[in-house]
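Trainee: Here's my sequence, what's the structure:
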Amino acid sequence: MKQDMQERIKKVLGKDNACYVLITCDEPSEDGKMQVEMTYEGDPCLAAYLIESAHGYFNEQVSSE
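Mentor: Take a look at the predicted model:
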């Protein structure tokens, strides 16, 4: 991810966050591949917990549809 974008995101989030995770992707190419990037700020264990919790949340949303 571009450094200037990371700085803008940090500014919007402010300094009161213990941790954040940002996952982005490009549009898929014609062969179905896409570039995925992840960045986080804070404790790696807390970032992993955020990702696991988000995974559970999305699984619940998908299974309830």
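Trainee: just for this protein, where's the confidence low?
Mentor: The model of the chain has pLDDT under 70 over residues 1-2.
Trainee: for it, what spans make up the strands?
Mentor: Counting by DSSP state E, the chain has strands at residues 19-25, 36-42.
Trainee: how far does the first one sit from the chain's center?
Mentor: Going back to what we said before, that points to strand 19-25. Put simply, strand 19-25 sits 2 Å off its chain's centre (Cα atoms, centre = their mean, to the nearest Å).
Trainee: helices or strands up against it?
Mentor: In terms of contacts (3 or more Cβ pairs under 8 Å, 6 or more residues apart in numbering; DSSP states H and E), strand 19-25 is packed against strand 36-42, helix 44-63. Quick note: C-beta positions are derived from backbone N, CA and C, even for glycine.
Trainee: re earlier: make CSV out of the strands of the chain and add distance to Ser64 and mean neighbour count.
Mentor: Formatted as CSV, the strands of the chain follow (distance: least, Cβ to Cβ, whole Å; neighbours: other Cβ atoms under 10 Å):
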stretch, distance to Ser64, mean neighbour count
strand 19-25, 22, 13
strand 36-42, 25, 13
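Trainee: Which among the ones you listed is found nearest to Asp4?
Mentor: With Cβ to Cβ, the closest approach to Asp4 among the strands of the chain belongs to strand 36-42: 13.0 Å.
Trainee: Contacts for the closest one next, please.
Mentor: Applying Cβ atoms under 8 Å, 6 or more residues apart in numbering, the contact partners of strand 36-42 are 1, 6, 10, 17-25, 47.
Trainee: redo that, cut-off 6 Å
Mentor: Outside strand 36-42, the residues that touch it by Cβ atoms under 6 Å, 6 or more residues apart in numbering are 1, 18-25, 47.
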